[in-house]
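> need coordinates for the below:
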Amino acid sequence: MSLKYRLTILTVAVFVMVSGSAAALGVWGARRLAERQLLRRLALSAERLAASPVPLNDEALTPLSGLLDAHILALVVAEPGGVASGVAAHSRGDWPWRELCASLASRPAASNPLPAGGRRYYHAQAVRAGRVGPPLRVVLLADESAVRQPTRTILHQYLLTLAASSVLLAAGIYLVGLRLVRRISALSRSIDRTLPEKIPERRRRGDELSRLSEAFGDLLGRLERSRQRLAAQQRLATAGKIASTVAHEVRNPLQAMRLTLQMVRQDCPQHLREALEMVLGEIDRLSLLTDELLVLAGKDARRVEAVDLAAEIRETLRLLSFQLRQRQIEAELELPPLPPVVMDRSRCRQLFLNLLLNAIEASPRGGVVRVAGRVEGGQVVLSVVDNGPGFPQAVLAGRAEEFFSTKTTGAGLGLSICRRIVQEAGGRLNLYNTGRGAAAEVTLPCGKLPRQGHSAAQG
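Down below sits the predicted model:
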């Protein structure tokens, strides 16, 4: 229910309860006042009639009853303070005077109405001393309609006033609530426009205040997530500066070590060459790590050119030949002639070095790593498939960020760097599980090789 309706109903309900209580007290007070006025009028009329020389008989009392607006009884008493012993006279008319005479015989208090004939009668008495006969008690009686009628009139006036006031109050509160609801709704919409996410279905239910409260909650949640992302970016920027410094300091010594080992390998006997190949492979892996750190820090120098993907994959597999032999993994290539793509050559090799190294490390001993390529709609699609345990759910859901790794070794930069390289080249990286392993599918837009560098890629 809308807030304006709730405010209107609640306010009118409180107003009706308070005003109704006040009206009940007013009606009760008006009834008590009418009773006192009626008793005072009856007592004064009874005293005047007892003191007057008007004969107390039926013919004389009947017209006086109409003038005084009350029924009149003249009761015979043995003495002024005694009990009535009979009826001397009464005003004529249709009223239960016999029942009232029986009730008056016990001298009831004037404030207690007498029940008779289904009604209640208020009464007042005065004694006339008899000059010849016994004294007479003059009793004036009036039924409760004399009190009920003015009380009912006052009650009707109260109810009409209460109804009119309730309608006016409801209209006023509704207009005020309408303005309030519009401002609250406008504030909620302003908050919703700042949220990029779709408005939850729960926000469409409830009144305006509950939706505003939930909107503020969503806004605070977004601010908290932004604060966490900003803190993570600051930590990442700091790590990037450190990584850039470390990578620059390590890169040159690694290149010198590689050149030296390549020179030594030429003059080494055969039984030492395999050990040197292993050392060169580890140096390549360290070089890959330094390149990843430079990419992370954004400090690497890029040179965009047309790249033959098939040739780069074969060269990458040659660099990983020691890892393939060590784990007894077979590499299967299904590479038809592919058009070139425009990207940085070193980054291209880094991309496939990461993907192939991940596939080799994920595959069991004696497994198979398959690399296949095809052309679809002006794009080159390359897939690297292994027969390992597959990608974790966090990686498939895209929640793997920098420094996230599912292995006990490594810095956790591989897939993140791959995705960044592919996106910078205008492509996309799709990761999925085949049921018998993991697959990484790279889609890159086609480009043109320069004439002097053109070489056909043979599958």
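> report the secondary structure state of Glu305.
Under the three-state scheme (DSSP: H, G, I helix; E, B strand; the rest coil), Glu305 adopts strand.
> how many residues are close by it?
16 (other C-beta atoms under 10 Å). Heads up, the C-betas are built off the backbone N, CA and C, glycines and all.
> and it, what are its bridge partners?
With beta bridges defined as DSSP bridges, Glu305 has these partners: Met343.
> name whatever forms a beta bridge with Thr443.
Beta-bridge pairing of Thr443 under DSSP bridges involves Val381, Arg428.
> how near is it to Gly426?
Distance, Thr443 to Gly426, by C-beta to C-beta, to the nearest Å: 10 Å.
> how about the strands in the stretch 351-459 of the chain?
In the stretch 351-459 of the chain, the strands defined using DSSP state E, counting those that start in this stretch lie at 368-376, 379-385, 428-433, 438-445.
> oh, that last question was meant for the stretch 51-200 of the chain, not what I typed.
Shown for the stretch 51-200 of the chain, the strands assigned by DSSP E, counting those that start in this stretch span residues 71-77, 84-90, 114-116, 119-128, 136-143.
> so which of those strands is the most packed in?
Scoring the strands of the stretch 51-200 of the chain by mean neighbour count under mean count of other C-beta atoms under 10 Å gives strand 136-143 as the most buried, with a mean of 24.
> distance between that strand and the chain's centre?
When C-alpha coordinates are averaged (C-alpha atoms, centre = their mean, to the nearest Å), strand 136-143 and its chain have centres 75 Å apart.
> parallel or antiparallel, list what pairs with it.
strand 71-77 (antiparallel), strand 119-128 (antiparallel).
> partner residues bridging Leu141?
Beta-bridge partners for Leu141, by DSSP bridges, are His71, His123.
> which residues does it contact?
For Leu141, the contact set (C-beta atoms under 8 Å, 6 or more residues apart in numbering) comprises 42, 70-73, 95, 100, 114, 121-123.
> and Leu49, how many neighbours does it have?
Neighbours of Leu49 (other C-beta under 10 Å): 21.
> test my guess that it contacts Leu67.
No - if you go by C-beta atoms under 8 Å, Leu49 and Leu67 don't touch, sitting 10.4 Å apart.
> now for the lengthiest helix in the chain, which elements pack on it?
Assignment by DSSP state H gives helix 208-266 as the longest helix of the chain. Under the contact criterion of 3 or more C-beta pairs under 8 Å, 6 or more residues apart in numbering; DSSP states H and E, helix 208-266 touches helix 145-194, helix 270-297.
> closest to Thr11 out of the ones you listed?
Relative to Thr11, the nearest member of the helices and strands packed on helix 208-266 by C-beta to C-beta is helix 145-194, separated by 4.7 Å.
> centre of the chain to that closest one, how far?
29 Å.
> thinking again about what came up before, how far off helix 145-194 does the longest helix of the chain point, in degrees?
Angle, helix 208-266 to helix 145-194, by axes from the mean of the first three to the mean of the last three C-alpha atoms, to 10 degrees: 20 degrees.
> follow-up on the earlier one: looking at Thr443 and Gly426, which is more packed in?
The neighbour comparison of Thr443 against Gly426 (other C-beta under 10 Å) goes to Thr443, with 18 against 14.
> the more buried one reaches Gly377, doesn't it?
No - using C-beta under 8 Å, Thr443 is not in contact with Gly377, being 9.6 Å away.
> quick one: Cys418 from Arg137, how far?
120 Å.
> oh, that last question was meant for Met263, not what I typed.
150 Å.
> nearest to Ala231, out of the strands of the stretch 51-200 of the chain?
Going by C-beta to C-beta, the one of those nearest Ala231 is strand 119-128, 85.5 Å.
> in the stretch 51-200 of the chain, where is pLDDT below threshold?
Low-confidence segments of the stretch 51-200 of the chain, defined by pLDDT under 70: 77-86, 88, 106-111, 130-133, 195-200.
> swap in 90 and give it another go.
51-159, 161-163, 165-200 (pLDDT under 90).
> where do the domain boundaries of the chain fall?
Following the assignment in automatic domain parsing, the chain carries domains at 3-153, 200-301, 305-459.
> could you export the ones you listed as CSV, including distance to Ala171?
Shown next, in CSV, are the domains of the chain (distance: least, C-beta to C-beta, whole Å):
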stretch, distance to Ala171
domain 3-153, 9
domain 200-301, 20
domain 305-459, 55
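> which of those domains comes out lowest on mean pLDDT?
Lowest mean pLDDT within the domains of the chain: domain 200-301, at a mean of 73.
> pull the distance from it to the chain's centre.
For domain 200-301 - counting by C-alpha atoms, centre = their mean - the centre lies 38 Å from the chain centre.
> one more: stretch 305-313?
So, by C-alpha atoms, centre = their mean, the centroid of stretch 305-313 is 54 Å from its chain's centroid.
> do the same with stretch 354-372
48 Å.
> ends of it, what's the gap?
16 Å (C-alpha to C-alpha, to the nearest Å).
> and for stretch 99-116?
For stretch 99-116, the first-to-last residue distance is 6 Å (C-alpha to C-alpha).
> how much space separates the residue most central in space within the chain from Ile72?
Residue closest to the average C-alpha location in the chain (C-alpha atoms, centre = their mean): Glu214, at 3.7 Å. As judged by C-beta to C-beta, Glu214 and Ile72 stand 78 Å apart.
> again, but for Glu99
Separation of Glu99 from Ile72 (C-beta to C-beta): 16 Å.
> now swap in Arg229 and tell me
Taken as C-beta to C-beta, the span from Arg229 to Ile72 is 99 Å.
> again, but for Leu357
Where Ile72 is concerned, Leu357 sits at a distance of 125 Å (C-beta to C-beta).
> Glu334 too?
Glu334 is 128 Å from Ile72, by C-beta to C-beta.
> what do you get for Val14?
Val14 is 51 Å from Ile72, by C-beta to C-beta.
> swap in Ala397?
Relative to Ile72, and taking C-beta to C-beta, Ala397 is found at 102 Å.
> likewise for Arg120?
From Arg120 over to Ile72 (counting by C-beta to C-beta), the distance is 18 Å.
> find the nearest non-adjacent residue to Val279, please.
In this structure, Val279 finds its nearest non-sequential neighbour in Leu261, 6.0 Å apart by C-beta to C-beta, 6 or more residues apart in numbering.
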